[in-house]
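**Student:** next comes the sequence, and after it the predicted model I'd like to discuss.
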Amino acid sequence: MIQFQQVSKRYPGGFDALKNLSFEIQTGELLFLAGHSGAGKSTILKLIAGIERPTGGAVLVNGQNVGSMRRSSIPFIRRNIGLIFQDHKILFDRSVYDNVRLPLDILGFDGQEARRRVLAALDKVGLSGKEKLNPVTLSGGEQQRLCIARAVVHRPAILLADEPTANLDRDYANDILELFRSFHQVGVTLVISAHDESLMADYGRRILRLKNGQFTA
Amino acid sequence: MKNWFRQHWLAFKRTLGGMLRQPLTSLLNLLVIAVAAAFPLALWLVISSLSGVAGRMPVESQITVFLRSSATEGEIKALRELDGKDARIARHRFVSRDEALKEMQQSTGMGDLLAGLPDNPLPDAIIFTAKSNQAETLETLQKELAVKAGVDEAQLDSAWARRLERLLALGRAVFDAIAVLLALALVLITGNTIRMQILTRQDEIEVSKLIGASDAFIRRPFIHFAIAQGLGGGLLACGIVALALWRLNPAVRELATAYGQQFALTTPGLVSIALVCAATTLLCLFGAWLAVWQHLRKLL
Ligand SMILES: Nc1ncnc2c1ncn2[C@@H]1O[C@H](COP(=O)(O)OP(=O)(O)OP(=O)(O)O)[C@@H](O)[C@H]1O
Ligand SMILES: [Mg+2]
């Protein structure tokens, strides 16, 4: 489903974030990306979603080369992907409900169906009853759940989560990972990044370990 | 297709809601656009009204010869017999200074002013009507008449019609320049307004792009805003101009009557309203499109 073929990424300024990476992620797989801060985890996720373009090699999603895709085609790739950003990117000028609704507006869902889906997504992540609140009033963990709700509300086939458990205590982090496991069980392909590898160990899934833009054994 | 209309309608309602939430800002924006559009519209209406007058002016060519007060009977007689001798002249009419005064008192309503004068300031005059209405022939004739004995001044009556024609040509050139400048101004004004809106909604735009919004989706609310502004501004411009002309026309009519003309400035009709609104809307659209394009091209 997702293929990296000798992918390199050099950021403007000359820093090599990824060096000649090749790997493949199967449909329905749950994959962890581990590595120190600055190892290149976010960069990999951004390449998959077409947020950055590789400076070498090819990134294929569903057989399409995202890296060399026309700018106007990229939105259609992204609609198939749910993104959970490391910096959350919550909009604080609107309610929890409207934040989660945004992807459905983009896809052109009509009122009733959109409402049903937003409430279902909020229920799934345990934020029922908080839809009218402004996200500022949510705790850090609740904001993380809001991001997850927004990422899954349009039922994407791929879910990319960038450090979804950062700054959460262990129990809360496990709750979140359980949530991801439930998405995995219904067939969603998941890529989850984290710098704390101990959490992943419990799940016995494939882990890609990064160091300075390269895989370690 | 139905979905597309629905999306547009929803976005449009949101845009109008946004404008109503900031009534003062929206109104000021509309006024700026309206004033920018009102200028060329007003100028154009004045020009086309005056063109109408110029077209209605008598093409028949008359030369008015004003006589010196010292002119002798013999000199006057010689002049009055010219239409028999000069083949270029069809006929003449002698207007004595008393008749001239009476005519003027009646036609201009300046009776009181003229009655207040101790002496009749007007000279005797002979109005010659030429057979030809060719400018060159008339001008030579005028020059010849001007130097005849007893003649103070010879005026070609179609001269001011030609002057008006030239003035109108100048007016049209000024209109072209103003129209181009103000069109540019409209694009820049809307572009800037939209740019400010984009800045306040930067986060929303960024997130929307990141989760799969197309450029068209991002552009949509701004396009709607531009259409609303362009249409509103255009209508307001027509309103302003119509109001100004309505206030101005009685005075213009009076002035025209003083010159013996039937004349009023034409108020904007349906066609010109439609044209103005189409122009402002297109220009605002263009400005908005540019501003959004400028912002989006930086995002992947
Ligand atoms: N837009 C950018 N411009 C220049 N350099 C960048 C840019 N984005 C990332 N980098 C650099 O690329 C390297 C990898 O960044 P990346 O965000 O992928 O790391 P990461 O593994 O996600 O780290 P963290 O755990 O801190 O999020 C870093 O050294 C970073 O400084
Ligand atoms: Mg990162």
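**Tutor:** Yes, it's here. Ligands and ions are numbered 1, 2, ... in the order given.

**Student:** buried ones in stretch A:76-96?
**Tutor:** Neighbour counts over stretch A:76-96 (16 or more other C-beta atoms under 10 Å in any protein chain shown) mark A:77-79, A:81-86, A:88-91, A:96 as buried. Bear in mind the C-beta positions are built from the backbone N, C-alpha and C, glycine included.

**Student:** tell me where the stretch 201-300 of chain B has helices.
**Tutor:** B:202-210, B:215-258, B:270-296 (DSSP state H, counting those that start in this stretch).

**Student:** same question, chain A
**Tutor:** When secondary structure is read from DSSP state H, chain A shows helices at A:41-48, A:74-78, A:96-107, A:111-124, A:140-152, A:170-185, A:198-201.

**Student:** looking at the ones you listed, which is closest to residue B:265?
**Tutor:** For residue B:265, the closest of these is helix A:96-107, at 49.8 Å, according to C-beta to C-beta.

**Student:** for ligand 2, what is the nearest residue in chain A?
**Tutor:** residue A:42 (3.0 Å; C-beta to the ion).

**Student:** ok, which residues in chain A are in contact with ligand 2?
**Tutor:** Residues of chain A lying close to ligand 2 by C-beta under 5 Å from the ion are A:42, A:86.

**Student:** quick check: most distant residue from the centroid of chain A.
**Tutor:** Distance from the C-alpha centroid of chain A peaks at residue A:112, with 26.9 Å (C-alpha atoms, centre = their mean).

**Student:** low-scoring stretches of the chain, by residue?
**Tutor:** I went with chain A, as the question did not name one. A:217 (pLDDT under 70).

**Student:** my question was about chain B
**Tutor:** Filtered on pLDDT under 70, chain B yields the residue ranges B:1-3, B:54-60, B:107-114, B:133, B:135, B:157-161, B:259-261.

**Student:** mind listing the strands for it?
**Tutor:** B:62-67, B:89-95, B:125-130, B:151-156 (DSSP state E).

**Student:** relative to residue A:73, which of those strands is closest?
**Tutor:** Nearest to residue A:73, of all the strands of chain B, is strand B:151-156, at 73.4 Å by C-beta to C-beta.

**Student:** show me what counts as buried in that closest one.
**Tutor:** Under 16+ other C-beta under 10 Å, the buried positions of strand B:151-156 are B:151, B:154-156.

**Student:** and the residue farthest from the centre of chain A, how close does it get to residue B:41?
**Tutor:** 47 Å (C-beta to C-beta, to the nearest Å).

**Student:** ok, the spatially most central residue of chain A - contacts?
**Tutor:** Ranked by distance to the mean C-alpha position of chain A (C-alpha atoms, centre = their mean), the top residue is residue A:160 at 2.2 Å. Listed by C-beta atoms under 8 Å, 6 or more residues apart in numbering or on different chains, the contact set of residue A:160 reads A:45, A:48-49, A:81-84, A:190-191.

**Student:** pipe the buried residues of stretch A:76-96 into JSON lines and attach distance to ligand 1 per row.
**Tutor:** As requested, those are arranged in JSON lines below (distance: C-beta to the nearest ligand atom, whole Å):
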{"residue": "A:77", "distance to ligand 1": "20"}
{"residue": "A:78", "distance to ligand 1": "18"}
{"residue": "A:79", "distance to ligand 1": "24"}
{"residue": "A:81", "distance to ligand 1": "17"}
{"residue": "A:82", "distance to ligand 1": "18"}
{"residue": "A:83", "distance to ligand 1": "14"}
{"residue": "A:84", "distance to ligand 1": "13"}
{"residue": "A:85", "distance to ligand 1": "11"}
{"residue": "A:86", "distance to ligand 1": "6"}
{"residue": "A:88", "distance to ligand 1": "13"}
{"residue": "A:89", "distance to ligand 1": "14"}
{"residue": "A:90", "distance to ligand 1": "18"}
{"residue": "A:91", "distance to ligand 1": "22"}
{"residue": "A:96", "distance to ligand 1": "25"}
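
**Student:** using a markdown table, lay out the residues you listed together with distance to residue A:108.
**Tutor:** Formatted as a markdown table, the buried residues of stretch A:76-96 follow (distance: C-beta to C-beta, whole Å):
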| residue | distance to residue A:108 |
| --- | --- |
| A:77 | 17 |
| A:78 | 15 |
| A:79 | 11 |
| A:81 | 18 |
| A:82 | 17 |
| A:83 | 19 |
| A:84 | 23 |
| A:85 | 23 |
| A:86 | 28 |
| A:88 | 25 |
| A:89 | 21 |
| A:90 | 23 |
| A:91 | 19 |
| A:96 | 22 |
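
**Student:** of all those, which two lie farthest apart?
**Tutor:** Those two in the buried residues of stretch A:76-96 that are separated most widely, counting by C-beta to C-beta, are A:77 and A:96, at 27.1 Å.

**Student:** got the residues of chain A near ligand 1?
**Tutor:** A:11, A:13, A:15, A:17, A:35, A:37-43, A:86, A:195 (C-beta under 6 Å from any ligand atom).

**Student:** which single one of the residues you listed is nearest to residue A:202?
**Tutor:** Comparing these against residue A:202 with C-beta to C-beta picks out residue A:195 as the nearest, at 16.2 Å.

**Student:** who's in contact with that closest one?
**Tutor:** Shown in contact with residue A:195 (C-beta under 8 Å, 6+ apart): A:34-37, A:39, A:41, A:163, A:166.

**Student:** chain B against chain A: which residues are in contact?
**Tutor:** B:3-4, B:6-7, B:203-204, B:206-215, B:217, B:300 (C-beta under 8 Å from any C-beta of the partner chain).

**Student:** for chain B, which residue gets nearest to chain A?
**Tutor:** Nearest residue of chain B to chain A: residue B:212, at 3.6 Å (C-beta to the nearest C-beta).
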